[in-house]
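J.: dropping a prediction and its sequence here:
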Amino acid sequence: MADDPLMAGDVFTHAEAYSKSEKTDLVALCDTDEKKLRAAGKRWNVAALFDNPRDMMTAAGPDIVSICTPTPTHAAIARDLMNVEKPPRAILCEKPLAATLEDAEEIVRLAKENGVVLATIYMRRYAENFRRLKTLLDSGELGHVQAVTGWYIGGTFHNGTHWFDMFRWLVGEVKELNGRDMLRESGDDPTYDVAMWTDDGVLGTLRACDARRFTLFEMDIVLEGGRVQITDSGHDINVSRPQPSPRYSGYVELQPTGMNLGNRRDLMLNAVEDAVDAVTLHREPACTGADGLAAIRIADAAARSVKIRQNVEISG
C-alpha cells in the first residue's frame, strides 16, 4: 500500500509510519518469509533483519514493535516479545488482537505484567474525521442516540470487530446481543448478522454482506437531534439536522448540514505518534489493549449466540 499510486501521500502502513514520523526511526524488520524480509529491508533501507521476535529484541532492542502478521500468530509473537529480559516499551497490534478470546486476554495480561503500552490498531480511532465526530457526539449537541444500523463484509472477527469497536467508542457498551448466520459462509471466520443492545437500551443492528461482490463498511446513527451517516469505509461522514420540510407544511425533516469533519488520512502515522506520546507522557493510547479485548468479547459472544440460537450477555 505504501507503493500504491492511489494512496500517494497517505501514510497507511506500519513501516512507512515509523520511517516518516519525526518521533521514530525504523531500526529492524522481522518476518519468517526470507524473500519478503529481504525485499522489505531493501524497500525501507533497513539492515537489521530477523526471522524471529526474540532475536530481534535481543539484538536490536526496539522501543516500539508492531505486530502486523496473520491473526492466529498474534498471541505467540506477543509472548515472544514480552518474555525477554527487556520487552519493548510499546506494542502496536493489528486487529483483531488475537484469534480467540483466551489469547486476547493473555496478551492484555502480559502487557500489564510487563509494563508494556499495548495499542490495538482499530484505525478509525486515529482518524481526524472520527476524532471530531467523537467530540461532536460527546458534546450532546445532537442529543441521545435512538438507534444504530450498519453493514460490513469479511468476517465477524476480522472486520466485524472494527464495527464493534466503533460502536463501543461512539455509542456505548454492548450489554447483550443476538447473532445469526444468514450468509452461511465457510471458513474459520464467518460474517454474522448481529443485533446488540447497550446498557441504556439503544439497539444496534449489523448486517452481513457477501465480500465477493464488493467491499462495504458503514454505520448509520440516528439521534434525537440529528443523524450521522458513516459511509465509504469512513472516508465520508455526513451529519444531518432537523429542519422544516420544504415540501410539506408542519413537517420536520433531516437535512444535510455540510459539516466538514476533516479527512481519514495518515492513520498509521497518527497511531505510531500516539504510541510514542503514550509511552513518554505515561498515558493510555487512543485504542488500548482493553479496547481490543472488548471488541473480541462481542465477536465471541456473537459466535456463541449463533451456535446456541439464543441471546448472549456480554461480561468482562
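T.: Everything's here; your move.
J.: wait, residue 224 touches residue 147, no?
T.: No: contact criterion Cβ atoms under 8 Å: residue 224 and residue 147 do not qualify, at 10.9 Å. From N, CA and C alone the C-beta is placed, and that goes for glycine too.
J.: ok, the closest residue to residue 98 other than its chain neighbours to residue 120 distance?
T.: Ranked by Cβ to Cβ, 6 or more residues apart in numbering and with sequence neighbours excluded, the top spatial neighbour of residue 98 is residue 104, at 4.1 Å. Between residue 104 and residue 120 the computed distance is 9 Å (Cβ to Cβ, to the nearest Å).
J.: more neighbours, those two?
T.: Neighbours per residue (other Cβ atoms under 10 Å) separate residue 104 from residue 120, with residue 120 holding more: 31 against 28.
J.: how close does that one get to residue 137?
T.: Going from residue 120 to residue 137 by Cβ to Cβ gives 21 Å.
J.: go on, residue 62?
T.: 36 Å.
J.: try residue 241
T.: Relative to residue 137, residue 241 is positioned 14 Å away (Cβ to Cβ).
J.: neighbour-wise, which of the two wins?
T.: For residue 241 and residue 137, the more surrounded residue by other Cβ under 10 Å is residue 137, and the numbers stand at 19 against 16.
J.: host element of that one?
T.: Residue 137 belongs to helix 128-138 when assigned by DSSP states H and E.
J.: pLDDT on that helix, on average?
T.: Per-residue pLDDT over helix 128-138 has a mean of 98.
J.: mind listing what's buried along that helix?
T.: 129, 130, 131, 133, 134, 136, 137 (16 or more other Cβ atoms under 10 Å).
J.: neighbours of residue 186, how many?
T.: Residue 186 is flanked by 6 other residues according to other Cβ under 10 Å.
J.: let me fix that, I meant to ask about residue 33.
T.: Residues contacting residue 33 under the criterion other Cβ under 10 Å number 10.
J.: can you show me the helices along this protein?
T.: Listed in chain order, the helices of the chain (DSSP state H) span 14-20, 34-44, 53-59, 74-82, 101-114, 128-138, 160-170, 267-280, 289-308.
J.: coming back round to it: isn't the residue nearest to residue 98 up against residue 294?
T.: No: checked against Cβ under 8 Å, the pair residue 104 and residue 294 is beyond contact range at 9.4 Å.
J.: hang on, the earlier thing: ok, the residue nearest to residue 98 to residue 299 distance?
T.: Note on residue 104: its distance to residue 299, by Cβ to Cβ, is 10 Å.
J.: between the two, what contacts are shared?
T.: Common neighbours of residue 104 and residue 299 are listed as residue 96 (criterion: Cβ atoms under 8 Å, 6 or more residues apart in numbering).
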